[in-house]
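> Just the structure for this:
(chains A and B, ligands or ions: 1)
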Amino acid sequence: MSALGRLLTGNRVWRSIVRHGFPDSNRNRALAVFSNLFLHVHPVKVRLRAIAFSRTFFLGGLAAACFLILTITGVLLMLYYRPSVPEAYDDMKDLEFVVSSGVFLRNLHRWSAHAMVAIVFLHMVRVFFAGAYRPPREFNWVIGVVLFVTTILLSYTGYLLPWDQLAYWGVTVGANMAGATPWIGEDTRFLLLGGTEIGEPALLRFYVLHCVILPAVLVVLVAIHIWRVRKDGGIYLPPLDLSRDGGGKR
Amino acid sequence: MSDPSPTFRPEEGVQAREVPVRLLVVQGEQRPAVDATDEPVVMTFPHLVVRELIAFLALSLLLVVCALLFDAPLESMADPSKAMNPMKAPWYFLGLQELLHYYPPIVAGVILPGAVVVALAIVPYFDINLERPEFWERRRASKLALTVAVFGLISSLLAYAGQHPVWPLLGPLWFVGAAMLLPGVWSRRRGLVGWLARRSLPFWIFAWFLLTAVTLTVIGVFFRGPGWSFTLPWRDGIW
Ligand code: HEM
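The predicted structure is shown next:
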């Protein structure tokens, strides 16, 4: 390790923040993981097979990454957005023409949202075909199914917020589907829209769902989900077939 | 008449100190072993952390490039009196919307998607093996007949209830059916056919859901124009 590294990580201030030395020994590398709130979702050592790219394609982690990007860009967008008619649409125009980097901000939020739906779906497909849905991970799979539905609802509630024709009629299709549910359909629709058709109350409800309720649900569920992956001994790996030559290869 | 109410006796003196009696309970370990392994392991830091970081940066880069190159759509202000044609939901709903084209809303919008979500949630609770090498070994003829009958039944239900020809639904169903039946008529233990023979029932159900969802979504996104009529992606645009 370089002298600069020692200087940076050896002084008192650094040591008051991170309580271990430069991670060039296995001891310090272990400490880097388990004395760190974020990294300690991982064990200190992982099986070599588990970190191969083709094992998970990192899809679960990338879904979480999308959520992080969406949270940051979303909070910034909230600074410029008012959930009322016609301000909501005017604010879209302002993002386009007035706010610096407004277009970029909105684009990044939009494409990350599409990416998240796709990545969560692909993650589900990969988990299934790996056989990782089976016991003892069955309940984590159920949490995953709820996460999938939550992700779609997040994207769908966000879709109305620009209050343009695309948003309005796209959401109309979905709201009509909900309305077709027997017995409770009409009431569900009314509850969702805050009225019988999509108007300002619906916009406000979708806004609150999109910015507060659904993200909160998602955060709690993702925390449980990832914690359980850890408690189940890490990601599922097929049993080693030791009879086969080079049994470590599967 | 009624039982005397239990007397509340505060613990005092020596007793109070004895209260937290701990029983040691040794439970059978229900979780898979976390540590015991003979196979090669690596330090999480840096090996896994660095890989995660690279994946994260690659995704961020891709998204930033997309955000620089492509603008999010923004049409004119919402106008309840001016319906869009075609009226399309976001892409991940277009499979459902395509389904809505064939079946009444209660079936396509509620029952079928609800059934799929429930089926997904409960699939791990069925004790079905991931691999089942012996399925086609015995009583092959009757199993073939039964499987064909099940596929026939599902096909006729789909076709009977449909308001339009339901080829986009039958295609994936029959494709999955053919793959499933192949090892039944051609017994091989090796190669692709052998692999197919070892797939479990959940595999086939999931493959069917997946193929159907992808087919319907692709049709909904690329091949549906005004009035939900068939179109080509380069003729009427995509959305
Ligand atoms: C917001 C959405 C989600 C996030 C952030 C997330 C995150 C993760 C992460 C980080 C892992 C570790 C391994 C990997 O990356 O593959 C994982 C594993 C897992 N996920 Fe998810 N996930 C999400 C949605 C889902 C969905 C929709 C399902 C299934 C319906 C699911 C089922 C599972 C299961 C069963 C595992 C264990 C896999 C194994 O042991 O190999 N997750 N998830």
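
> tell me the domain ranges of chain A?
By the assignment in automatic domain parsing, chain A contains the domains A:3-34, A:48-245.

> Mean pLDDT lowest where, among these?
Mean pLDDT across the domains of chain A is lowest at domain A:3-34; the value there is a mean of 88.

> list the buried ones in it?
Neighbour-count burial for domain A:3-34 flags A:9, A:20-23, A:28-33 (criterion: 16 or more other Cβ atoms under 10 Å in any protein chain shown). Any C-beta I mention is one placed from the backbone N, CA and C, and that applies to glycine too.

> With stretch A:83-91 instead?
A:83, A:85, A:88-89, A:91.

> Contact partners for the nearest residue to A:R19 once chain neighbours are set aside?
Closest residue to A:R19 apart from its sequence neighbours, by Cβ to Cβ, 6 or more residues apart in numbering or on different chains: A:S35 at 6.1 Å. In this structure, A:S35 makes contact with A:18-20, judged by Cβ atoms under 8 Å, 6 or more residues apart in numbering or on different chains.

> now, which of these lie within strands?
With strands taken from DSSP state E, there is no overlap with those.

> Relative to the ligand, which of those is nearest.
A:V18 (24.1 Å; Cβ to the nearest ligand atom).

> So the closest one sits against A:T9, correct?
Yes: the criterion here is Cβ atoms under 8 Å, and A:V18 meets it with A:T9 at 7.4 Å.

> quick one on the thing from earlier: and of the buried residues of stretch A:83-91, the nearest to chain B?
A:Y89 (4.6 Å; Cβ to the nearest Cβ).

> OK, contacts around that closest one?
Here A:Y89 is in contact with A:162-164, B:77-78 (Cβ under 8 Å, 6+ apart).

> Repeat that for B:A119.
B:205, B:209.

> any idea which element it lies in?
helix B:112-122 (DSSP states H and E).

> What of A:G61?
Here A:G61 is assigned to helix A:59-78, by DSSP H and E.

> Give the next helix or strand downstream of that helix.
Immediately after helix A:59-78, counting by DSSP H and E, sits helix A:87-97.

> Check which element follows that next one along the chain.
By DSSP H and E, the next helix or strand past helix A:87-97 is helix A:102-130.

> Show me how far that next one is from its chain's centre.
8 Å (Cα atoms, centre = their mean, to the nearest Å).

> So it, near chain B or not?
Yes: Helix A:102-130 is in contact with chain B by Cβ under 8 Å from any Cβ of the partner chain, via A:103-104, A:106-112, A:114-115, A:117, A:121, A:125, A:128-129.

> Please give the element, helix or strand, for A:Y168.
helix A:165-179.

> Which strands or helices does that helix pack on?
Applying 3 or more Cβ pairs under 8 Å, 6 or more residues apart in numbering or on different chains; DSSP states H and E, one finds that helix A:165-179 contacts helix A:138-160, helix A:185-193, helix A:200-208, helix B:94-102, helix B:105.

> relative orientation of that helix and helix A:200-208 in degrees?
90 degrees (axes from the mean of the first three to the mean of the last three Cα atoms, to 10 degrees).

> Using PDB, write out every CA atom in helix A:165-179.
Backbone C-alpha positions of helix A:165-179 (Å, rounded to 0.1, in the frame of the first residue of the first chain) are rendered in PDB as follows:
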ATOM      1  CA  GLN A 165     -53.000  13.000 -22.600                       C
ATOM      2  CA  LEU A 166     -50.700  10.000 -22.400                       C
ATOM      3  CA  ALA A 167     -50.900   9.900 -18.700                       C
ATOM      4  CA  TYR A 168     -54.600  10.500 -18.500                       C
ATOM      5  CA  TRP A 169     -55.700   7.900 -21.000                       C
ATOM      6  CA  GLY A 170     -53.100   5.400 -19.900                       C
ATOM      7  CA  VAL A 171     -54.300   5.600 -16.400                       C
ATOM      8  CA  THR A 172     -57.900   5.400 -17.500                       C
ATOM      9  CA  VAL A 173     -57.300   2.000 -19.000                       C
ATOM     10  CA  GLY A 174     -55.900   0.700 -15.700                       C
ATOM     11  CA  ALA A 175     -58.600   2.300 -13.500                       C
ATOM     12  CA  ASN A 176     -61.300   0.700 -15.700                       C
ATOM     13  CA  MET A 177     -59.600  -2.700 -15.200                       C
ATOM     14  CA  ALA A 178     -59.700  -2.200 -11.400                       C
ATOM     15  CA  GLY A 179     -63.400  -1.200 -11.800                       C
END
